[in-house]
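> below: sequence and its predicted model.
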Amino acid sequence: MSTYWKANQRRLAPWLFLAPGLLMFAIYVIIPIFQSMWISFYDWDGLGEKVWIGTANYAEMTSDPNMVTSFKNNIIWLVLYLLAVPAGLFIAIFLNQTVSGIRIYKSLFFFPFVISQVVVGLIFSWFYAPNFGLLYLVIEKLTGTGIAVLADPDLATYGIIAAGLWPQIAYVMILYLTGLNNVAPDQVEAARLDGAKGWRMLWYVILPQLRPATFIAVVVTVIGALRSFDLVSIMTEGGPFGSSNVLSYYMYEKALSEYGYRMGYGAAIAVVLFGIMMIFISGFIWKMWRDETER
Amino acid sequence: MFPRPIQHRSQTAQWVYAIALPLALILWLFPLLGVAITSVRPASDLAAGNYFGIPSYLAWENYGDVFRNTPMLQYIKNSFIVTIPTVIGSVALSLMTGFALAVYKFRANLLIFFMFVAGNFVPFQILMVPVRDMTLSLGMYNTYWGLALFHIAFQTGFCTLFMRNFIKALPFELIEAARVEGVAEWRIFWFIVLPLMRPAIAALSVLIFTFIWNDFFWATVLTTSPEAQPITAGLSSLNGQWVAAWHLVSAGSILAALPPVAMFFLMQKHFIAGLTLGAVK
């Protein structure tokens, strides 16, 4: 044993170090992905016998109006959520000064990201609440009639996205603040001597140097937009009339909540969401892979 | 430095900045300030329509009511009992996986690394049905361990990415030198690499603490009753019972937000270092 170990230590060691983590990750993450795909071909209430129904769950989806709404809302989420990137950059530029107390300002601006999305959802529900919510009262003052954002099928999704943007902008801001901190000062000075300033300086000198920060900001924002569950659940539960549903919440609703336990159909929705996210994930991985192998 | 330091601009610009800064902050945190004030507003004010004025007195009893009339204390306890083992477990596992992936060259290395990275991005919903089913059949549904074990496994993905990149940035000569001396691989891990990992361990611990404390999805999927529900799920179910009792909802929200906020302020440097890993090259 000991001679074999001595001879092969370097070859075996990585696998021994990997074993516990890899095992846990396989059991709880990798294998369930394939199990979900498998379950999506069954009709199953979570307890009784599974009944194989082939692609019937997927066929049902194509004529499910809630599926269409959820899908549409996911796209709205994705597009509007990306506003967090320029907004975060803007705030980061605004805060990138060295006046006294700026450190405290930076941490307080970051605050919304630290608190739970459940709390963010409650805060914004209160902000939007009909009759006494602050936004409702302000709109009532200005136009004569208040708007109950979360009770309006046309507005609910936008109201939730606005709540989601609040912590997301804070996150992007901190990424860009770190990035700005590391911008090469000599390049900025050189560009300044050449007469670059304002927008041109930002576009041609600063942004190229911020590319790693932008990459991470886009990754976390896209993933965050497609993962949106907490806020929808807390603020509207997908309502009114399913108008603010997204795939991640609709799946949960189908599989576990009031519609009864339709695990197979829920799994099929999850597979669709997974497919959409895999498009983005593969893009990110491809870029990281290239960076990694180039080095 | 970009933008140009404000000190190099006109006196007026400096004044405008000095005023704009606190104003922007108040606007930014307005919803939060509103909730903080509502949490100490007496119920009688709300009944009388005083929603935004100065509270007629500071009603700390709202917090007392929350603790007396709801399982809030239990929820907070549950959150700690789930969060702390998760932090320890995922940091411990990822120290090893990160070490393996950063130090050794073998064929599947990058493949395994990117599997961890990709797994960390998948939607939770694709895991929900099988993980819930497995937790049920292991008899761990609605228990601390059912929730913590899943979190440990899932967070290992992100933590591995973090640890691996951190170890990769350490001077490799240290390990080379030790190998020449004939030091065993596990001793290299334990005595050479581990002591250098303190900043990474601190950064990851605060991040994972915050992520898990704030988790809501798995809390609703894997727990159902106050015996095991963490505070996020608890707050959500209380919200259903407290229709229009906004002073209580606010007090509960503030309580749920406090531990991660305290963690952030105490460990700010580590927190931001962890979050912005990779944002600079």
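Structure's in. What do you need?

> isn't residue B:165 right up against residue B:204?
No - the pair formed by residue B:165 and residue B:204 falls short of the contact definition of CB atoms under 8 Å, at 11.6 Å. Every residue, glycine included, has its C-beta placed from N, CA and C.

> the more surrounded of these two?
A side-by-side neighbour count of residue B:165 and residue B:204, using other CB atoms under 10 Å in any protein chain shown, places residue B:204 first with 27 against 16.

> gap between that one and residue A:80?
Taking CB to CB, to the nearest Å as the measure, residue B:204 falls 31 Å from residue A:80.

> residue B:48 now?
In this view, residue B:48 and residue A:80 are 38 Å apart by CB to CB.

> ok, residue B:37 next?
Distance of residue B:37 to residue A:80, given as CB to CB: 29 Å.

> what do you get for residue B:64?
41 Å.

> so the two - more neighbours on which side?
residue A:80 (16 against 11).

> low-scoring stretches of chain A, by residue?
Where chain A drops to pLDDT under 70, the residues are A:1, A:258-259, A:295.

> quick check, central residue of it?
With the centre of chain A defined as its mean C-alpha position, the nearest residue by CA atoms, centre = their mean is residue A:224, 0.3 Å away.

> same question for chain B.
Residue closest to the average C-alpha location in chain B (CA atoms, centre = their mean): residue B:210, at 1.5 Å.

> could you say which helix or strand holds the residue nearest to the residue nearest to the centre of chain A when sequence neighbours are not counted?
Taking CB to CB, 6 or more residues apart in numbering or on different chains as the measure, residue A:224 lies nearest to residue A:168, with 5.8 Å between them; neighbours along the chain are not counted. Assigned by DSSP states H and E, residue A:168 belongs to helix A:156-181.

> got the buried residues for the helix or strand just after that helix?
Counting by DSSP H and E, the element after helix A:156-181 in chain order, helix or strand, is helix A:185-193. By neighbour count, with 16 or more other CB atoms under 10 Å in any protein chain shown as the criterion, the buried positions of helix A:185-193 are A:188, A:191.

> ok now helix A:185-193, how far from the chain's centre?
On the basis of CA atoms, centre = their mean, to the nearest Å, helix A:185-193 sits 36 Å off its chain's mean C-alpha point.

> how about residue B:99, what does it touch?
Contacts for residue B:99 (CB atoms under 8 Å, 6 or more residues apart in numbering or on different chains) come out as A:17, B:163, B:167, B:189, B:193.

> show the backbone phi and psi for residue B:9.
Note on residue B:9: its backbone torsions stand at phi -100, psi -180 [degrees, to the nearest 10].

> and it, how many residues sit next to it?
By the measure other CB under 10 Å, the count of residues near residue B:9 is 13.

> list of residues touching stretch A:141-156?
With CB under 8 Å, 6+ apart as the test, stretch A:141-156 has contacts from A:125, A:128-131, A:135-137, A:139-140, A:158-160, A:235-236, A:239-241, A:243-244.

> could you rerun that using 10 Å?
Stretch A:141-156 is contacted from outside by A:69, A:73, A:124-125, A:127-133, A:135-140, A:157-160, A:162-163, A:232, A:235-236, A:238-245, using CB atoms under 10 Å, 6 or more residues apart in numbering or on different chains.
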